[in-house]
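Q: The sequence and its predicted three-dimensional model are supplied below.
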Amino acid sequence: MEMPMTTAFFVAADWLAEHIDDPEIQILDARMAPPGQEHRDMAGEYRAGHIPGALFFDIEALSDRASPLPHMMPRPEAFAVAMRELGVRQDKHLVIYDEGNLFSAPRAWWMLRTFGAEKVSILAGGLAGWQRDEWLLREGEEAHEGGEFEAKFAPQAVVRLTDVLLASHEKTAQIVDARPAARFNAQVDEPRPGLRRGHIPGALNVPWTELVYEGELKTTDELNEVFFSHGVSFDRPIIASCGSGVTAAVVAYRSG
């Protein structure tokens, strides 16, 4: 899953406030309703208040709408068209934020990186951190020109079902499930109707919330301790999974 990266994974709110008018910076609002809160109007929440200049990166709408499964990756050409229509310019430094829980920003980061964007960061603390520091919000939509984006798909970032089956049966890789322990252990229903409880045979559980503190990833030492405590070795290949491909991005980043 490794994709070479030179741009900082996180940027601070004060740094973004200082560079908010920089023409080489483009801000993307990637807020997304967690499972069980699908009734929320995230586009409406964006219009009610967002970081000035931010465009709404709608993960739901940008996923493969033809798939019966939620949040599947779109075809590269479809993603490129959507980015151009949104006004995203691939050559800029893209700064992504979510509500501040680090729930959905890593998924947006991963999508952009997988499709060829090289300079992508996440706002540490997200929208909550921005507001906590008393920086201003803007209402309504943002005017923008057409973007420039040519998708270059990184196939190493995605595995196929056959790869997962092989890892499950032959232990060719570690399957790391980022869902909460209660869902992993089949103690509660999945939030999406009709899905069976439980986990992929042989999978290890590293709940994504254990990797996050106040909208940022924990320190490297703390992250290593979490992974090691759940039996994960960084010396073996890792396949990150979750319920629908959102919080697995947190695991995917740390696991390389």
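A: Okay, I see it.
Q: Can you name the residues that contact G116?
A: 90, 150-154 (CB atoms under 8 Å, 6 or more residues apart in numbering). Every C-beta, even on glycine, is put in place using the N, C-alpha and C of the backbone.
Q: Are any of the residues you listed buried, and if so which?
A: 90, 151, 153-154 (16 or more other CB atoms under 10 Å).
Q: Tell me the one of the contacts of G116 nearest L137?
A: Using CB to CB, Q90 is the member of the contacts of G116 that sits closest to L137, with 26.5 Å.
Q: The closest one and E24, how far apart?
A: 12 Å (CB to CB, to the nearest Å).
Q: And the helices in the chain?
A: Applying DSSP state H to the chain gives helices spanning 13-19, 42-48, 59-62, 76-86, 105-114, 126-132, 161-170, 181-184, 220-229, 248-254.
Q: just checking, what packs against the last one?
A: Counting contacts by 3 or more CB pairs under 8 Å, 6 or more residues apart in numbering; DSSP states H and E, the secondary-structure elements packed against helix 248-254 are helix 105-114, strand 216-217, strand 238-241.
Q: export those to a markdown table and tack on mean pLDDT, mean neighbour count and distance to E170?
A: Written out in a markdown table, the entries for these read as follows (pLDDT from 0 to 100; neighbours: other CB atoms under 10 Å; distance: least, CB to CB, whole Å):
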| stretch | mean pLDDT | mean neighbour count | distance to E170 |
| --- | --- | --- | --- |
| helix 105-114 | 96 | 26 | 26 |
| strand 216-217 | 94 | 19 | 31 |
| strand 238-241 | 96 | 22 | 13 |
